[in-house]
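*Asks:* sequence first, predicted model second:
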Amino acid sequence: MSEECGEVKLIDEQGLRTDGRKPDEIRKTIMKVGVLKNADGSSYLEQGRNKILVAVYGPEELHPKHLALPDKALLQCRYHMLTFSTDERRSPAPSRRDIELSKVIKSALEPAILLEKFPMTTIRVLVEVIQSDGGTRCAGITAASIALANAGIPMRDLVVACAAGKVDGQYIVDLNADEDKLGEADLVVAIMPQRKLVTLIQMDGSLTLDEFKKVFELAKKGCYELYNIQRKALLEHYEKVAKEVSQDDISK
Amino acid sequence: MSEECGEVKLIDEQGLRTDGRKPDEIRKTIMKVGVLKNADGSSYLEQGRNKILVAVYGPEELHPKHLALPDKALLQCRYHMLTFSTDERRSPAPSRRDIELSKVIKSALEPAILLEKFPMTTIRVLVEVIQSDGGTRCAGITAASIALANAGIPMRDLVVACAAGKVDGQYIVDLNADEDKLGEADLVVAIMPQRKLVTLIQMDGSLTLDEFKKVFELAKKGCYELYNIQRKALLEHYEKVAKEVSQDDISK
Amino acid sequence: MSEECGEVKLIDEQGLRTDGRKPDEIRKTIMKVGVLKNADGSSYLEQGRNKILVAVYGPEELHPKHLALPDKALLQCRYHMLTFSTDERRSPAPSRRDIELSKVIKSALEPAILLEKFPMTTIRVLVEVIQSDGGTRCAGITAASIALANAGIPMRDLVVACAAGKVDGQYIVDLNADEDKLGEADLVVAIMPQRKLVTLIQMDGSLTLDEFKKVFELAKKGCYELYNIQRKALLEHYEKVAKEVSQDDISK
Amino acid sequence: MISPSDMYGMSFLKRRAMLKLLAKGTRLDGREFHEYRPVKINIGVVEKASGSAEVSIGNTVVIAGVKWDIGEPFPDTPDEGVLVTMAEFLPTSASFIEPGPPDEHAIELARVTDRGIRHAPLIDLKKLCLIPGKKVLTVFVDIYSENYDGNLFDAASRAAVASILTCKIPSFKVGEDENIEVDEEQLKPMPIVKVPISVTLVNIGDYILVDPTFEEEQVSDVRLTFTFTEDDKICAIQKGGPGGISEDLLMEAVDIAFKVSKEQRKLLMGAVKNAQKENDT
Amino acid sequence: MISPSDMYGMSFLKRRAMLKLLAKGTRLDGREFHEYRPVKINIGVVEKASGSAEVSIGNTVVIAGVKWDIGEPFPDTPDEGVLVTMAEFLPTSASFIEPGPPDEHAIELARVTDRGIRHAPLIDLKKLCLIPGKKVLTVFVDIYSENYDGNLFDAASRAAVASILTCKIPSFKVGEDENIEVDEEQLKPMPIVKVPISVTLVNIGDYILVDPTFEEEQVSDVRLTFTFTEDDKICAIQKGGPGGISEDLLMEAVDIAFKVSKEQRKLLMGAVKNAQKENDT
Amino acid sequence: MISPSDMYGMSFLKRRAMLKLLAKGTRLDGREFHEYRPVKINIGVVEKASGSAEVSIGNTVVIAGVKWDIGEPFPDTPDEGVLVTMAEFLPTSASFIEPGPPDEHAIELARVTDRGIRHAPLIDLKKLCLIPGKKVLTVFVDIYSENYDGNLFDAASRAAVASILTCKIPSFKVGEDENIEVDEEQLKPMPIVKVPISVTLVNIGDYILVDPTFEEEQVSDVRLTFTFTEDDKICAIQKGGPGGISEDLLMEAVDIAFKVSKEQRKLLMGAVKNAQKENDT
């Protein structure tokens, strides 16, 4: 977050952003579930140039056992970036950022999962960032949530996340890497859309309380748009599975 | 320990040391016990510019269990320096020196603790060096011993440690960092003052057997002076506690 | 494995190699067993300038227990080079090469050991390279096999390993470090000589299928020569032990 | 290291008892819902650090120290000094904390403290550039918890900020051959822009409690840390905890935090001024 | 991390069942003994990598990416670029794989893939030298398994080779003062020598099965990987598994692998050509 | 890794049996109280090291090797070479020793050996300075235990000292542009000042036993290592073990160690001279 963003113009005279979007427009987003054979649930998400793969394993036995919780499943989340996911090759060792984001993603997903149904077990959510272009923690949460649904883990609601911020004095939604880096503020919001609960909020930059509330609304709007895509992806998968099953029936 | 200490004068014409002390004078020392709320016992010690914080936990359950001893408590000691405790910022990773000193401190304290009273448990002694100016292993032992007493761990005796050495051809007690680095010899001694047992001895430098015996006497003298301060610190704490308790009684 | 080995002549006009050997001649090899007191079995091997020490421990209890196999002993192998074993001082941390070779040595030895006799236990093979001059993985396997026999571990057969390759267009056996580095191909073969089974094969370089088969034969020939030395070493040890025992009888 | 099971998800019974108490308008230690425990700021405790402070909030005690070194800038900010913030839970802090490299909790603590400082921004990093693209000042802010009874975020922030505000760095001269002369005689303060004040609160049921104790953290649904600058702006937010929060409660929380930050700012700046006065005399 | 007990030495019963099936001339998934599962090669999946490919062989999925940097040569090859190959089992791959630094299996996978590439040789490393003894191009080939159902060796090799074959690197100019100018506009392909094709097979009893599934690997005695270049030479071999193999079967295995490598080569080169065509248009 | 429970604090019964035996004036292996086990010093066992020695004291076997490199001096000793001493317990040493990075026991062993060498001083480090403040010789002394039966301190010290005393380093020339030419033809010995001899003994009850076996170490109260130089000075002392010692016994121990060091010195210097003679012919 740099103070002087005057040099690089992030919004042009037509009011369009560097990637051609309008301020309140989210990036083109594709979601699929059931993309990995071995995982209990999985998903793949492209949001602009972000490419995210998520696998969910569990509920399953936990090792070492003394970490198990007597009253609920232990949710374990890992956020991990492949070495070639960014412009500069990343070190393969987990960074401090990776470790914080893993914790933050857990905190965003946990409210939605009925962990109390599976005491003494673990549910593992593995977020792999194959390509990164800003907003991967949000994309990871959004993708993880449908991978959890795909795994058949009972949930109170989906979780969907989106960032919003302020660049060149304007409020924008779903920041890409340049906007994140050069903008004036970056607000990350995750919600459970049916329950109307906020499960994650993170911010850095500089906003008055009033601006904060406006940017928050914009992030929420992004969340609801992504929520529709989540539902469509899940629906498509169920329809496909249903079709396969019924064809199996016919072939018998 | 450098051979030529001629360049830097460690003892001036008046026979005084760089910090104004006489050869057989220990540094100004302050000790307090019960300084941390969560620890079972704790102490804070200032000896010259050394600042040491010690916490004691235990006897408590030991993980992993296979390390537990069937006939006595396992004493675990950690000597650790904060990154800003020295002139140069230290790396946060434990150094080989830290690991040796942890072992040496354990060896100095162990003879005084009735470990056999608590088989299968552990007692943990955590020595944090907040500021370091030479002799922190001694200061750590001295402080740890009163923190153990503060934790109510049964002990045969206190342990008190002090260094002595030879600089500019003279014998001196309680070396500071410069004297340690530039002097001709550095002898570390820990004793149980009532039991008259030596629980630690370490030396580097160059001393004849005769000189060694003289320097040893000087270190022992330092130990006895520090022992008085230890006792005073414990007494003051008990008086304070007693007063609080009796005031509680009155207020009832 | 460099393409141009023209610069350095690895075979001279007399058809001799840099260390004076003929192409099909293995290096001077000395083997001893029972060289370490604490190990259940041990061996020492010199092959040219290679110096290898092997200790075997087991069958013994395995920690942590969840690694134990219900139907056989777990074979654990470690290949490790001392820091001063090579021209350049090595880092003491295990290299990726060390880790691969440990795995490869395990794969070469495992077929010969009656692991099924000792379920839930472990057998540990520790290969220490004291000095290295090419072919240490082979030397390690050859030495490990007689150390296992020395430990009294029941075996289907010994295992013996030897490399062969191609340098300056000629086929040679038992490559030294220079031949390994500058030659055109390096083929590592381990066999169980009585059972006529290949338990390890590794290659890098460039060989036609035909050449491969010829080089393979040469490696096998090397193996059989080393096998004779293995047997002699074991025999000598048993004779020595027998003599000691009978002398003990006499002295009674 | 704190295992997740230690931090959250504690007994259902404890939580029920706490909620009963809160329904009566009281906290376990008798505080108001929006009241901090006593805050003590002890500045200059480590002479060998360029700046240092020990801060206690109730029984939580944190110590921070600042050191500098000459280093290289990051490639994308060639004309800025480098700020490195580290946090460690000393094993003295609580019985369940084991020694070892910073775990996820310590890393989050360091990064949240760092973001408050960086986005205020507290330090004018451009003024720490010595030779653009080549040599800059690296500022290490190292934070250690000594005793842990909840709300490490605010204690860490206060200790780090107080250390920086009272920190003295030498003067530097760049010679002709790009050698850097360090003048330790000519000490000067760190170049300051704006002072961040963090306020941490938890949400338990419908209640919002400022400055949670360890017990309150354990039974809480949501932990929120808001950081404000003196020009009434938010510069950082962090959510933790296993629960979600309604939008209404979230907005209420921001407003409470904002209000409370004012008194906390006074308290910190007062301690800083006292320390500077003492230092001048 | 895969523990040894997971990889091999699995149940005696499974093995017996498998042998019965093989005696009938069938594999569990209905394949011929020397038949690969469907191989899909998807090139250019990561735009931020200089080259990339996702390869699936049946249910096994591997992704590889190539990145470059300017570095120093190894002292013993002062005029050659540096090739660094890394492999990691992503924990998405299977339930028994835990996150963490590469274990012995991942290291073997990386080193065997690397040897195939290095000894073909696939890349003309001399052409990656910028200033002899001082500056060379370092090529990082990073390989990740996404889903693991046996035969990672061939999937990794195919993905790495396809990534390198379709990789674009910038042009470099060495200035007078040994500064290196990078011209990202003038992209050019990696200098290629020969293309290695690995073929992995397992030996179970008297049978040789090409492209083993995870289940087949589990019950197999010997795993063999042969790598061939287009001039009909072997450039690398690796044996794994807890068993031994007779010389006859070994020689049979080489011949099978050699034969099968031809169709696998066609498949790879076809995918590469398609990708290059798409890229040009 | 040796767990503390393996090293000390072993069974009460063993100790009682040992004390009974000692009361009769005998040790388990029949030695006198102040007698070493047979010491064998085998010099030059690793040709690729600049100096090397394998030392056995009874069943304890230690190997040490010396390597050199050109490096930078420490900032506070700009005109001195650098000595780096490392010790590792090879897992061959005993069944309870696991492979891995040096643990507290190996680190203590390395540091005590190092202090004996450094404070004698054995090496004239000033003579290893090539360009003050810039380039010096770094001397690596790496010590490995091969078989462990007590008294590793003396075996390690003897092996390290013998390696250094017989070590050959090349001649160095500093060129005009501060390039360093290494002349491997012109080998010369390490610059030696004084030779340290360590003597380790344990205290069990009222008894002092020189050169303890593993069993004696296990049941002992105190372990003491004294290191002497040829001018009858003490240059290093280290105490270990879970017990305390009376001042009288401590002073008795120093005197015993001093006496015994004389014969140990003869033994070492004899082996060194033999090796040098062999080398010259």
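*Replies:* Received, thanks.
*Asks:* please make it C-alpha for all contacts and neighbour counts, starting now.
*Replies:* OK.
*Asks:* ok, the residue of the stretch 101-250 of chain A at minimum distance from chain C to residue A:158 distance?
*Replies:* Closest residue of the stretch 101-250 of chain A to chain C, Cα to the nearest Cα: residue A:121 (17.8 Å). Residue A:121 sits 21 Å away from residue A:158, taking Cα to Cα, to the nearest Å as the criterion.
*Asks:* over to residue D:237?
*Replies:* Residue D:237 is 23 Å from residue A:158, by Cα to Cα.
*Asks:* repeat for residue D:148
*Replies:* 35 Å.
*Asks:* ok, now residue A:143?
*Replies:* Taking Cα to Cα, one finds residue A:143 at 10 Å from residue A:158.
*Asks:* of these two, which one has the most company?
*Replies:* residue A:143 (28 against 24; other Cα atoms under 10 Å in any protein chain shown).
*Asks:* which residues touch that one?
*Replies:* A:31, A:43-45, A:52-54 (Cα atoms under 8 Å, 6 or more residues apart in numbering or on different chains).
*Asks:* name the element residue A:104 belongs to?
*Replies:* Using DSSP states H and E, residue A:104 falls within helix A:96-109.
*Asks:* and which of the contacts of residue A:143 is nearest to residue A:248?
*Replies:* Among the contacts of residue A:143, residue A:43 lies closest to residue A:248 (Cα to Cα), at 24.3 Å.
*Asks:* partners of the closest one in the sheet?
*Replies:* Beta-bridge pairing for residue A:43 (DSSP bridges): residue A:33, residue A:54.
*Asks:* picking up where we left off before, so is the helix holding residue A:104 next to chain D?
*Replies:* Yes. Helix A:96-109 is in contact with chain D by Cα under 8 Å from any Cα of the partner chain, via A:96, A:99-100, A:103-104, A:106-108.
*Asks:* among these, which two are most distant?
*Replies:* Farthest pair in the residues of helix A:96-109 next to chain D, by Cα to Cα: A:96 and A:108, 18.5 Å.
*Asks:* contacts only, for the most centrally placed residue in chain D.
*Replies:* Nearest residue to the geometric centre of chain D (Cα atoms, centre = their mean): residue D:157, 1.3 Å. Counting by Cα under 8 Å, 6+ apart, residue D:157 touches D:113, D:116, D:197-198.
*Asks:* among those, which lie within helices?
*Replies:* With helices taken from DSSP state H, the overlap with the contacts of residue D:157 comprises D:113, D:116.
*Asks:* helices along chain D, start to end?
*Replies:* D:4-7, D:12-23, D:104-119, D:152-165, D:214-219, D:247-280.
*Asks:* redo those helices as TSV? Include mean pLDDT.
*Replies:* Below are the helices of chain D laid out as TSV (pLDDT from 0 to 100):
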stretch	mean pLDDT
helix D:4-7	42
helix D:12-23	90
helix D:104-119	98
helix D:152-165	98
helix D:214-219	94
helix D:247-280	96
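*Asks:* out of the ones you listed, which one sits most buried?
*Replies:* helix D:152-165 (a mean of 28; mean count of other Cα atoms under 10 Å in any protein chain shown).
*Asks:* nearest to chain F: which residue in the stretch 51-200 of chain A?
*Replies:* residue A:93 (19.4 Å).
*Asks:* may I ask you to confirm that that residue is in contact with residue E:101?
*Replies:* Yes. Using Cα atoms under 8 Å, residue A:93 is in contact with residue E:101, at 7.3 Å.
*Asks:* neighbour-wise, which of the two wins?
*Replies:* Neighbours were counted for residue A:93 and for residue E:101 using other Cα under 10 Å; residue E:101 has more, 15 against 12.
*Asks:* contact partners for that one?
*Replies:* Residue E:101 sits in contact with A:93, E:88, where contact means Cα under 8 Å, 6+ apart.
*Asks:* give the buried residues for stretch D:31-49.
*Replies:* Residues D:33-34, D:36-37, D:39-46, D:48-49 are the ones in stretch D:31-49 that count as buried (16 or more other Cα atoms under 10 Å in any protein chain shown).
*Asks:* between residue A:96 and residue A:108, who's got more neighbours?
*Replies:* The neighbour comparison of residue A:96 against residue A:108 (other Cα under 10 Å) goes to residue A:108, with 31 against 17.
*Asks:* need the residues that contact stretch A:175-188.
*Replies:* A:1-5, A:10, A:133-135, A:138, A:161-169, A:200-207, A:215-216, A:219.
*Asks:* of those, just the buried ones, PyMOL syntax please.
*Replies:* The PyMOL selection below is limited to those of the contacts of stretch A:175-188 classed as buried (16+ other Cα under 10 Å):
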select buried, chain A and resi 1+2+5+10+133+134+135+138+161+162+163+164+165+166+167+168+200+201+202+203+204+205+206+207+215+216+219
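*Asks:* which residue lies closest in space to residue D:102, excluding its sequence neighbours?
*Replies:* In space, and not counting its chain neighbours, residue D:102 is closest to residue D:88: 5.6 Å by Cα to Cα, 6 or more residues apart in numbering or on different chains.
*Asks:* low pLDDT regions in the stretch 101-250 of chain A?
*Replies:* The stretch 101-250 of chain A contains residues with pLDDT under 70 at A:249-250.
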